[in-house]
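> one predicted model, sequence on top.
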Amino acid sequence: MGVDYSSAKKLIHHAARHGVSGSVLMLGRHRMQVKDKLVPALEKELEKAGFDLDFDDITQSDGYAEPFFEALGAKEVQALDLSDFEGATLLHDLNDVVPEDWAGKFDLIFDGGTTEHIFDVARCMDNLNVLLAPNGVLASCVPANNWFAHGFYQFGPELVYGYWKHGCGFDVLDCVMLPEMPRDKEMPIGDPAEKGHRPRVRGKVPNQRVYLYYEVRKGPSAHRWNRALQTDYVRKWSDHDKEQDREASEIVAMREQQLAKASAQETA
């Protein structure tokens, strides 16, 4: 994929709220893929976010997206891919461990539709953790619904909460069900560990292609993952252990930790 209207709008809002600086890494060398009819709407989003830019300022003749990230504040923009067929500056297969000297190099990683094409999801996500600098952000816009045959996977919000938040200690800045086209509104998705159940989306998923868009930050509590468990099952197992008078069980402790993290983020 690339940077379309929906993902560009979210990145503009991220830059306005949190800033973009330092080194940006694109997973794959992305193109700007904003449809002509949506260019005026995107220029309005830039204006609302405080950027004195028009579409020509964030594009270049070959269509690639480096000027967009530079306009948002990046000092350096690189692209990682397995092949240099699109001019990627870093070559690596994310199914394999990334080189040690790449660790902590990037302040923002943008996944505009790459991770669903990588079979070893666990290795891929751990690689992104390694590549991020302290306080760095992963912004990901990946297939969630109606992308049949696009890649290996369509992702859901449990990746954000079960893996990144509770599995790796990252801060969740944003997590939404994001329609590809703006005729439908995005839908925020909360932490199942806090709500106690899976997201209620029946009847709310639009009849078009839908992304999972999320932003997670590598804050001071972040760490490498050792395991990730689905949050609603952790609750079920914890409740069962309590019913069986196993208050000291690992699952009960995990559930209490999940709730504490959710509460801390809610009040932050």
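It's in. Residues are numbered from 1 along each chain as shown.
> please parse this structure into its domains.
Structural domains annotated on the chain: 5-227, 229-268, as defined by automatic domain parsing.
> pull out the buried positions in the helix or strand harbouring Ser7.
Counting by DSSP states H and E, the element that carries Ser7 is helix 5-18. Neighbour-count burial for helix 5-18, counted by 16 or more other C-beta atoms under 10 Å, picks out Tyr5, Ser6, Ser7, Ala8, Lys9, Lys10, Leu11, Ile12, His14, Ala15, Ala16, His18. C-betas here are computed from N, CA, C, even on glycine.
> go on, stretch 139-156?
For stretch 139-156, burial by neighbour count (16+ other C-beta under 10 Å) applies to 139-145, 147, 151, 153-156.
> which two of those residues have the greatest separation?
The largest separation in those, counting by C-beta to C-beta, is between Ala139 and Asn145 at 19.5 Å.
> does Gln154 really touch Val121, like I thought?
No - between Gln154 and Val121 there is no contact under C-beta atoms under 8 Å: 11.9 Å.
> quick one: mean pLDDT over stretch 145-160.
Summarised as a single mean, pLDDT over stretch 145-160 is 95.
> for the closest residue in space to Asn146 that isn't next to it in sequence, what are its contacts?
Closest residue in space to Asn146, ignoring its immediate chain neighbours: Arg209 at 4.6 Å, by C-beta to C-beta, 6 or more residues apart in numbering. Contact analysis of Arg209 by C-beta atoms under 8 Å, 6 or more residues apart in numbering lists Pro143, Asn145, Asn146, Trp147, Pro179, Glu180.
> return the per-residue confidence for Arg209.
Arg209 carries a pLDDT value of 95.
> ok, the buried residues of helix 5-18 vs Ile189, which is closest?
Checking the buried residues of helix 5-18 against Ile189 by C-beta to C-beta gives Lys10 as the nearest, at 13.8 Å.
> which strands and helices sit next to the helix or strand following the helix holding Ser7?
Next helix or strand after helix 5-18 toward the C-terminus (DSSP H and E): strand 23-27. Here strand 23-27 touches strand 76-81, strand 106-111, going by 3 or more C-beta pairs under 8 Å, 6 or more residues apart in numbering; DSSP states H and E.
> Val216 touches Leu132, doesn't it?
No - contact between Val216 and Leu132 fails when scored by C-beta under 8 Å: they sit 9.2 Å apart.
> any residues in contact with both of the two?
Common contact partners of Val216 and Leu132 (C-beta under 8 Å, 6+ apart): Leu138.
> His223 - how many residues pack around it?
His223 has 11 neighbouring residues, counting by other C-beta atoms under 10 Å.
> once you drop chain neighbours, what's closest to it?
According to C-beta to C-beta, 6+ apart, the nearest residue to His223 is Gly169 (5.2 Å).
> local confidence estimate at the one you found?
Here the pLDDT value assigned to Gly169 is 95.
> element containing it, please.
In this structure, Gly169 sits in neither a helix nor a strand according to DSSP H and E.
> and it, what are its phi and psi?
Gly169 adopts backbone torsions of phi 70, psi 20, taken as degrees, to the nearest 10.
> which ones are touching it?
By C-beta under 8 Å, 6+ apart, the residues touching Gly169 are Gly219, Ser221, Ala222, His223, Lys261.
> from Arg209, how far off is it?
Gly169 sits 32 Å away from Arg209, going by C-beta to C-beta, to the nearest Å.
> repeat for Lys37
Using C-beta to C-beta, we find Lys37 at a distance of 17 Å from Arg209.
> re earlier: okay, the buried residues of helix 5-18 in a markdown table with pLDDT next?
Output for these, formatted as a markdown table (pLDDT from 0 to 100):
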| residue | pLDDT |
| --- | --- |
| Tyr5 | 97 |
| Ser6 | 97 |
| Ser7 | 98 |
| Ala8 | 98 |
| Lys9 | 98 |
| Lys10 | 98 |
| Leu11 | 98 |
| Ile12 | 98 |
| His14 | 98 |
| Ala15 | 98 |
| Ala16 | 97 |
| His18 | 97 |
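> could those residues be laid out in JSON lines, adding distance to Asp107?
Shown next, in JSON lines, are these (distance: C-beta to C-beta, whole Å):
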{"residue": "Tyr5", "distance to Asp107": "24"}
{"residue": "Ser6", "distance to Asp107": "23"}
{"residue": "Ser7", "distance to Asp107": "18"}
{"residue": "Ala8", "distance to Asp107": "19"}
{"residue": "Lys9", "distance to Asp107": "21"}
{"residue": "Lys10", "distance to Asp107": "17"}
{"residue": "Leu11", "distance to Asp107": "14"}
{"residue": "Ile12", "distance to Asp107": "17"}
{"residue": "His14", "distance to Asp107": "12"}
{"residue": "Ala15", "distance to Asp107": "12"}
{"residue": "Ala16", "distance to Asp107": "16"}
{"residue": "His18", "distance to Asp107": "11"}
